[in-house]
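Enquirer: Only the shape, not the letters, is given here:
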């Protein structure tokens, strides 16, 4: 079938036009920001340049730590949800997805209420020398809270797509459940786990509302953008936003390409 | 020896109740049953992959009913072969040995004999998705055999193969079984495959193990209507045996009196295999005590053979070669004599 043939159906054509509207809607503001920003503004002043560098590193680092914590706690849960049927399973699945429907500023307040200095969890972790309020750990917790559903849901779908018979065969070949998980299930669900991680990380670094209440300082880039908007006005803010978009897109694209390679049939 | 006692599994709409059978050392045991009879689940239970409701499984006298699958030493080959798609053929074959903590090199050395046995040395670096059906089959067998299992379970291993490859793998299976003195339980829905490969056959249907016997016993003496159907006896009737001694009993059906050899009395069912029925243009004098004239009501060509339905009454299905069919000038509506021995009537 040639290309002309593929589009000769007016109904399909109509759908394509609607889709194009959406693509333009997404790309227009992003490209507008990226191309109209004056990035020189970010490096004019040594103090501003340092602020930008530190906040971007802080944002990406916190997002990474949140994602790693998400992998440690989320992948095992995803596997259990994919493989086992038990009473209350749909409740667990619903709880995992709750952060998706909570307004993020409300989530921030809730986290402050739980992890604040005088609160139970805050006190508990204080004994372990982990503090959240105004600390990087607080950023990590907030990012993790709002982004964990992406990883768990994606990993769960990945594990579901692995034929249980492959795991069965591995068991009959002498593999323990742990060996089966690490040599069969996880490698075969790898793609979904990684793309879930990318989504989680991307969602984490873009978080603003939940982080703001728990950790205003040190400032992650989204918070810095808000600050600068009041402090320096649009041109500086536009440059910072443009830079954040560029870096995020770059990492997103690189990771996507890495995942698409080495796919199994 | 593997001994399965009173094994029951429950899988929602499918249940298997009280299956009891023994498989001898070195025996090729076939479990024969229709699709959906739960053959796979039965094998998974024996391998420890599916929880059983009750019953016990012993191997060589030791109870393995609740043993973990990885400790049982039971090999399993699924119908879809389930090769690990992310591993090369070599890594598939050596998977089990590697899990014992052996190095890659040692594992590859100790898999050498299986690679030679199945003649797959050319495939070792390939990925499973590049293999043909027959090649996949060999790799799946090699992967199971390399562990030297004390019992090998085969779940419809030939189901997905084209007829030529099928025959090739069938003879491969027979060779391997003989060479390694393997104990095999092989499930299939294919009666011919069962007869060809099995030392003994267990027929499951209607949620139970209905009959266990040699291929000949299943073939000649099915013990129930289900087994008779499944072994393609085709002619299955109900009738009543009147008095008489075992050697000279008669069963009456639709007004026709058939000589049978049976000590059963009263209402019975019986089967006659189509190939045991002789067709002739004229009555023949022979020791066969059942000879009747009938009308051909249906002709179905099977290629080299022809199935004819002859109404005596009752209607019986007979099998003749294409050659005889042409020679005798048989045709629908024509009259013909059907003759069969009293011993050809299997009463159950």
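Expert: Good, I have the coordinates. Since the structure is predicted, the reported quantities are computational estimates derived from the model, not experimental observations.

Enquirer: ok, for residue 195, nearest residue in space, not its chain neighbours?
Expert: Because you didn't say which chain, this covers chain A. residue A:259 (5.4 Å; Cβ to Cβ, 6 or more residues apart in numbering or on different chains). Bear in mind the C-beta positions are built from the backbone N, C-alpha and C, glycine included.

Enquirer: Sorry, I should have been clearer: chain B.
Expert: residue B:215 (4.3 Å).

Enquirer: Using the record, which stretches count as separate domains in chain B?
Expert: B:2-227, B:233-347 (automatic domain parsing).

Enquirer: end-to-end on the shortest one?
Expert: Put plainly, it is domain B:233-347. End-to-end span of domain B:233-347 (Cα to Cα, to the nearest Å): 12 Å.

Enquirer: How far off centre is it?
Expert: 25 Å (Cα atoms, centre = their mean, to the nearest Å).

Enquirer: before we move on, what about stretch A:24-34?
Expert: Stretch A:24-34 has its C-alpha centroid displaced from the chain centroid by 21 Å (Cα atoms, centre = their mean).

Enquirer: before we move on, what about stretch A:181-188?
Expert: With Cα atoms, centre = their mean, you get 23 Å for stretch A:181-188.

Enquirer: Quote the end-to-end distance of it.
Expert: OK, stretch A:181-188 end separation, Cα to Cα: 10 Å.

Enquirer: coming back round to it: contacting residues around the residue nearest to residue B:195?
Expert: B:194, B:195, B:198, B:200, B:201 (Cβ atoms under 8 Å, 6 or more residues apart in numbering or on different chains).

Enquirer: give me that answer again for 10 Å
Expert: Residues in contact with residue B:215 (Cβ atoms under 10 Å, 6 or more residues apart in numbering or on different chains) are B:30, B:32, B:191, B:194, B:195, B:196, B:197, B:198, B:199, B:200, B:201, B:231.

Enquirer: Now do the contacts for the closest residue to residue A:79 other than its chain neighbours.
Expert: In this structure, residue A:79 finds its nearest non-sequential neighbour in residue A:159, 5.1 Å apart by Cβ to Cβ, 6+ apart. For residue A:159, the contacting residues are A:75, A:78-83, A:167, A:181, A:185-186, A:188-189, A:192-193, by Cβ under 10 Å, 6+ apart.

Enquirer: before we move on, what about residue B:342?
Expert: Per Cβ under 10 Å, 6+ apart, neighbours of residue B:342: B:247-251, B:258-262, B:287-290.

Enquirer: In this structure residue A:144 contacts residue A:115, no?
Expert: No: using Cβ atoms under 10 Å as the test, residue A:144 is too far from residue A:115 to be in contact (11.4 Å).

Enquirer: Mind listing the shared neighbours of those two?
Expert: Common neighbours of residue A:144 and residue A:115 (Cβ under 10 Å, 6+ apart) do not exist.

Enquirer: Residue 26: helix or strand, and which one exactly?
Expert: Using chain A here. Using DSSP states H and E, residue A:26 maps to helix A:10-36.

Enquirer: Any buried residues in that helix, and which?
Expert: Residues of helix A:10-36 classed as buried by neighbour count (16 or more other Cβ atoms under 10 Å in any protein chain shown): A:33, A:34.

Enquirer: what do you get for stretch A:94-102?
Expert: Buried-residue list, stretch A:94-102, by 16+ other Cβ under 10 Å: A:96, A:99.

Enquirer: now what about stretch A:124-141, what contacts it?
Expert: Contacts of stretch A:124-141 (Cβ under 10 Å, 6+ apart): A:58-59, A:61-70, A:111-112, A:114-119, A:121-122, A:142, A:204-205, A:207, A:210-211, A:213-220, A:223.

Enquirer: Of the contacts of residue A:159, just say which sits nearest to residue B:185.
Expert: Lowest distance from residue B:185 to those (Cβ to Cβ) belongs to residue A:167, with 21.1 Å.

Enquirer: What is the strand or helix carrying the closest one packed up against?
Expert: If you go by DSSP H and E, residue A:167 is part of helix A:164-172. Secondary structure elements in contact with helix A:164-172, counted by 3 or more Cβ pairs under 10 Å, 6 or more residues apart in numbering or on different chains; DSSP states H and E, are helix A:46-83, helix A:177-180, helix B:39-47, helix B:69-72, strand B:74-77, helix B:95-99, helix B:133-145, strand B:151-155.

Enquirer: Report whether the following helix or strand past the first one contacts chain B.
Expert: Pointing back at helix A:46-83 there. Following helix A:46-83 in sequence order, the next helix or strand is helix A:89-101 (DSSP H and E). No: against chain B, helix A:89-101 shows no contacts by Cβ under 10 Å from any Cβ of the partner chain, the least distance being 17.2 Å.
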